[in-house]
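Enquirer: Please work out how this folds:
(chains A and B)
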Number of protein chains: 2
Amino acid sequence: MKATAFDEWAGRQLADVEAALCAWVPADAPAALGLAMRYGVLDGGKRLRPLLVLAGAEAVGGERGAALRAACAVELIHAYSLVHDDMPCMDNDVLRRGKPTVHVQYGQAQAMLAGDAMQALAFEVLTPEAELIAPALQARLCGLLARAAGHAGMAGGQAIDLASVGRPLDEQSLRDMHHRKTGALLQASVLMGAACGRTSDDEWAALARYGAALGLAFQVIDDILDVTQASETLGKTAGKDVDANKPTYVTVMGLDAALRHAGELRDRAQAALAEARLPHADWLAQLADKVVERDS
Amino acid sequence: MKATAFDEWAGRQLADVEAALCAWVPADAPAALGLAMRYGVLDGGKRLRPLLVLAGAEAVGGERGAALRAACAVELIHAYSLVHDDMPCMDNDVLRRGKPTVHVQYGQAQAMLAGDAMQALAFEVLTPEAELIAPALQARLCGLLARAAGHAGMAGGQAIDLASVGRPLDEQSLRDMHHRKTGALLQASVLMGAACGRTSDDEWAALARYGAALGLAFQVIDDILDVTQASETLGKTAGKDVDANKPTYVTVMGLDAALRHAGELRDRAQAALAEARLPHADWLAQLADKVVERDS
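Expert: Take a look at the predicted model:
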């Protein structure tokens, strides 16, 4: 199958992201900490969040250097959350991105420290010398990322997730959990990209709606793939939500309704994007499709 | 005993820090996450780092609002590191600041998430609306804090600490470990305070030397107290370094030489401070004495 323009664009972005992460995640951090950090973030994953940052930046003519740092920072936060999430006291998972998880490879203490250092590194990457990113933009990016990662975003969503094991959640509570747990960081990715350029308040609000809808669509599909795909395809343990007796869109809505819902969310994302009327929003539009059409 | 001017100053600072942390660490974060965060940071600890931030700011006529945020951010990083450090996969400690540790009280998963969310919150606190702190200062503070917390600072030092159990370290390696593990954040505290005002390059360099010497002095005294004090006085488990077969200044130098060394480091901190010739450096000078004279 011939590579599409999107594939070519995404391939170029991911090569830049990988090279930047390779340069910024230190191999020489003491006592193998750097190796554990690199193991946790390099060479794996779909890199959806960096693509959203870079597509968001292109949509508004954003500064490339700042957007690349933002893309890496978001991926560092995502990767650290996986490292901690996989640990025995959380999901106790041994397989991630087709490899043994960080704590299996380096031990629990090193995995916890590597995750902690990856979170700090995200903010280091966003605060280079003033010549590289204007300080006001550095502050803006740090603020967006911190709020998406913290108690009101990802960490808060994981706390709800922990508390929900074995308890029935209605669709509203499930949506709230996922909006925080995965949605907040996906939405922040789009907005951090947009912050690298100029947007009107209306454009910003429309991009926020696009990001929120895409974030939920991503999670609905994740829940569907957890029951329909094998571990080899996913690169992580399949069926673990069901095994853990966790509420998912599939358990709450059923498989068919969940599939329909994912399509509706994709449409909602596309509608928001159309309202933003940005000149270069093609990659964002295609990303919303890819999120729903993916099989892993 | 009559309260000294320093005691009165410190009491006022700590009341402000406690009130600010109380306001900023959210009680209503989902699924008890906020309660675990508050348990980990409120109402306990010596608050040395916030005092260093606020004394550093006063020394250079720094902006009070920014300094108070910086003080709370540094304490959040310190407190999160204790929460993670106490977990079973690290030091496995059950007592901290005279109370059961966070994972004993809330479970390991919640303790890990609370620590993660506290780190993010530190950067949220540093990035309020632009009217509250100038964005360029926000960026500067985020950059200083991230580097002190990450692989080159605190997390890196903890990785060396982990790897050093049961292995002899020479004094140079011990100093390197502690400069990262505790020194970097103590030094950053002084410098974040100073960043809230204006300093010449020479003043900045002298404050950096003051912070480095004070940071090492703090750790030497910590090692001494670990063998000379009871758990009740320390509010944490005494003798645990020896029990864990960890190298300390006492095991490497002996008790008498460690005491002399702490005095030398205090003198070095005072000399650096004198070189900075700052008009309002009294509290910094007294803090260097307190660090060495403390008994808990």
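
Enquirer: Give me the below-cutoff pLDDT ranges for the stretch 51-200 of chain A.
Expert: Residue ranges of the stretch 51-200 of chain A with pLDDT under 70: none are present.

Enquirer: can you rerun that using 80?
Expert: Within the stretch 51-200 of chain A, the stretches with pLDDT under 80 are A:166, A:168.

Enquirer: burial measure for the residue nearest to residue A:87 when sequence neighbours are not counted, as a count.
Expert: Distances taken as Cβ to Cβ, 6 or more residues apart in numbering or on different chains put residue A:103 closest to residue A:87, at 5.2 Å, once the chain neighbours are dropped. Every residue, glycine included, has its C-beta placed from N, CA and C. Using other Cβ atoms under 10 Å in any protein chain shown, the number of residues around residue A:103 comes to 26.

Enquirer: Give me the contacts around the strand or helix carrying residue A:103.
Expert: Using DSSP states H and E, residue A:103 sits within helix A:102-106. By Cβ atoms under 8 Å, 6 or more residues apart in numbering or on different chains, the residues outside helix A:102-106 that reach it are A:32, A:35-36, A:39-40, A:83, A:86-88, A:94, A:96, A:99, A:110-112, A:114-115.

Enquirer: Next: stretch A:28-39.
Expert: Residues contacting stretch A:28-39 (Cβ under 8 Å, 6+ apart): A:22, A:25-27, A:99, A:102, A:105-106, A:110-111, A:113-114, A:117-118, A:121, B:151-152, B:155-157, B:159-160, B:162-163, B:180.

Enquirer: Buried members of those into PyMOL, please.
Expert: Of the contacts of stretch A:28-39, the buried ones can be selected in PyMOL as follows, counting by 16 or more other Cβ atoms under 10 Å in any protein chain shown:
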select buried, (chain A and resi 25+26+99+102+106+110+111+113+114+117+118+121) or (chain B and resi 151+152+155+156+157+159+160+162+163+180)
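
Enquirer: Helices of the stretch 1-150 of chain A, start to end?
Expert: A:5-24, A:33-41, A:48-59, A:64-85, A:102-106, A:108-125, A:135-149 (DSSP state H, counting those that start in this stretch).

Enquirer: Would you tell me which of those gets closest to residue B:52?
Expert: In terms of Cβ to Cβ, the element of those nearest to residue B:52 is helix A:108-125, at 19.4 Å.

Enquirer: Off-centre distance for that closest one?
Expert: Distance of helix A:108-125 from the chain centroid (Cα atoms, centre = their mean, to the nearest Å) equals 17 Å.

Enquirer: Check stretch A:284-296 too.
Expert: Using Cα atoms, centre = their mean, the offset of stretch A:284-296 from its chain centre is 13 Å.

Enquirer: what do you get for stretch A:181-193?
Expert: Relative to its chain's centre, stretch A:181-193 lies at 7 Å (Cα atoms, centre = their mean).

Enquirer: same thing with stretch A:152-167?
Expert: Chain-centre distance of stretch A:152-167: 17 Å, with Cα atoms, centre = their mean.

Enquirer: Drop anything exposed from the contacts of helix A:102-106.
Expert: Counted by 16+ other Cβ under 10 Å, those give A:32, A:35-36, A:39-40, A:83, A:86-88, A:96, A:99, A:110-112, A:114-115 as buried.

Enquirer: Which one of those is nearest to chain B?
Expert: residue A:112 (5.8 Å; Cβ to the nearest Cβ).

Enquirer: isn't the closest one right next to residue B:87, touching?
Expert: Yes. Using Cβ atoms under 8 Å, residue A:112 is in contact with residue B:87, at 7.1 Å.

Enquirer: Give me the pLDDT for residue A:242.
Expert: Residue A:242 is assigned 67 on the pLDDT scale.

Enquirer: quick one, longest helix in chain A?
Expert: When chain A is parsed with DSSP state H, its longest helix is helix A:201-228.

Enquirer: Report whether that helix contacts chain B.
Expert: No. Applying Cβ under 8 Å from any Cβ of the partner chain, one finds helix A:201-228 out of contact with chain B, separated by at least 15.3 Å.

Enquirer: swap in stretch A:161-174?
Expert: Yes. Counting by Cβ under 8 Å from any Cβ, chain B is contacted by stretch A:161-174 at A:162, A:163.

Enquirer: Centre of the chain to that stretch, how far?
Expert: Worked out by Cα atoms, centre = their mean, stretch A:161-174 lies 21 Å from the chain centre.

Enquirer: ok, and for that stretch, which residues are buried?
Expert: Neighbour counts using 16+ other Cβ under 10 Å place A:161, A:162, A:163, A:164, A:169, A:174 of stretch A:161-174 among the buried residues.

Enquirer: can you pull the pLDDT of the closest residue to the fifth one other than its chain neighbours?
Expert: Nearest non-adjacent residue to residue A:169, counting by Cβ to Cβ, 6+ apart: residue A:247, 4.2 Å away. The model reports residue A:247 with a pLDDT of 84.

Enquirer: and for residue A:112 and residue B:87, which residues touch both?
Expert: residue B:112.

Enquirer: for the host helix or strand of residue A:158, packing partners?
Expert: Using DSSP H and E, residue A:158 sits within helix A:154-164. Other elements packing on helix A:154-164 under the criterion 3 or more Cβ pairs under 8 Å, 6 or more residues apart in numbering or on different chains; DSSP states H and E are helix A:64-85, helix A:171-178, helix A:184-195, helix B:33-41, helix B:108-125.

Enquirer: Distance to residue A:125 for these - can I get that in JSON lines?
Expert: Output for these, formatted as JSON lines (distance: least, Cβ to Cβ, whole Å):
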{"stretch": "helix A:64-85", "distance to residue A:125": "5"}
{"stretch": "helix A:171-178", "distance to residue A:125": "27"}
{"stretch": "helix A:184-195", "distance to residue A:125": "12"}
{"stretch": "helix B:33-41", "distance to residue A:125": "25"}
{"stretch": "helix B:108-125", "distance to residue A:125": "13"}
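
Enquirer: So which of the ones you listed is nearest residue A:129?
Expert: The nearest among the helices and strands packed on helix A:154-164, by Cβ to Cβ, is helix A:64-85 at 11.6 Å.

Enquirer: now the angle from that closest one to helix A:154-164?
Expert: Between helix A:64-85 and helix A:154-164, the angle comes out at 20 degrees (axes from the mean of the first three to the mean of the last three Cα atoms, to 10 degrees).

Enquirer: buried sites along helix A:64-85?
Expert: Quick answer for helix A:64-85 (16+ other Cβ under 10 Å): A:66-85.

Enquirer: for stretch A:255-262, same thing?
Expert: Neighbour counts over stretch A:255-262 (16+ other Cβ under 10 Å) mark A:258, A:259, A:261, A:262 as buried.

Enquirer: most centrally placed residue in chain A?
Expert: residue A:49 (4.3 Å; Cα atoms, centre = their mean).

Enquirer: got a list of what it touches?
Expert: Here residue A:49 is in contact with A:71, A:74, A:75, A:78, A:185, A:186, A:189 (Cβ under 8 Å, 6+ apart).

Enquirer: Wait, the third one touches residue A:17, no?
Expert: So that's residue A:75. Yes. With contact defined as Cβ under 8 Å, residue A:75 counts as touching residue A:17 (6.9 Å).

Enquirer: hey, what's in contact with both of the two?
Expert: With Cβ under 8 Å, 6+ apart as the test, residue A:75 and residue A:17 both reach A:47, A:50.

Enquirer: Show me the contact partners of stretch A:212-226.
Expert: In contact with stretch A:212-226 (Cβ under 8 Å, 6+ apart) are residues A:48, A:52, A:175, A:178-179, A:181-187, A:190, A:234, A:238-242, A:248-250, A:255, A:258-259, A:261-262, A:265-266, A:268-269, A:272, A:287-288, A:291-292, A:294-296.
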